[in-house]
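Chemist: Model the structure of this input:
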Amino acid sequence: MKDKKVLIIPCSGIGKSLGSVGRDATYEVIENLKPGKTDTVCLALLTLGDEEAKQKVTSNYCISLDGCPKKCAKKNIEALGKEPEKSYRIIDFFKDNPGKKPQGIVDIGEGGRALSKSIAKVISEDVDDLLENGRR
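Modeler: Numbering: from 1, shown residues only. Alright, predicted model coming up:
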């Protein structure tokens, strides 16, 4: 299982600041904190039933990152018969990150970027745990 990666799947959340924070955190992990160990798939491709996206999800560890209570990212992973190894809602990070709040949608601002980096740090630790121990 050394060739497994951790897929971080954020919600689409287009037009929503928490969706933008989730996507920012995802790319922070993939591009800066855990390059080569992580990847993502477009949630829309999962929704459409894209075979390559489905195969990536079913053959790798998955972390869902949802911006709202509908949990679309988590539900799309579950629709493939797979339970994400970790599942988060952006709103749940506010409690541990007082004052870190997105100021917009396109530009989440300084507070949003600070929140995103805090989320990325937690996910980065999850990546290490999953790749080292293979556990939930």
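Chemist: Count the neighbours of Gln55 for me.
Modeler: Other residues lying near Gln55 total 12 when counted by other Cβ atoms under 10 Å. (C-beta placed from N, C-alpha, C; glycine too.)
Chemist: what's the answer for Lys86, then?
Modeler: The burial metric for Lys86, expressed as a neighbour count using other Cβ under 10 Å, is 19.
Chemist: Can you give me the distance of the residue nearest to it when sequence neighbours are not counted to Ala25?
Modeler: Nearest-residue entry for Lys86: Ile63, 4.4 Å, with adjacent residues in sequence omitted and distances by Cβ to Cβ, 6 or more residues apart in numbering. Relative to Ala25, Ile63 is positioned 10 Å away (Cβ to Cβ, to the nearest Å).
Chemist: what residues are shared contacts of these two?
Modeler: With contacts taken as Cβ atoms under 8 Å, 6 or more residues apart in numbering, the residues that reach both Ile63 and Ala25 are Ile123.
Chemist: I'd say Lys100 and Ala114 touch.
Modeler: Yes: here Lys100 reaches Ala114: they are 4.4 Å apart, a contact under Cβ atoms under 8 Å.
Chemist: now the helices for the protein?
Modeler: Applying DSSP state H to the chain gives helices spanning 17-28, 43-48, 51-58, 72-78, 109-133.
Chemist: ranking those helices by burial, who's on top?
Modeler: Ranked by mean neighbour count under mean count of other Cβ atoms under 10 Å, those are led by helix 17-28, which reaches a mean of 24.
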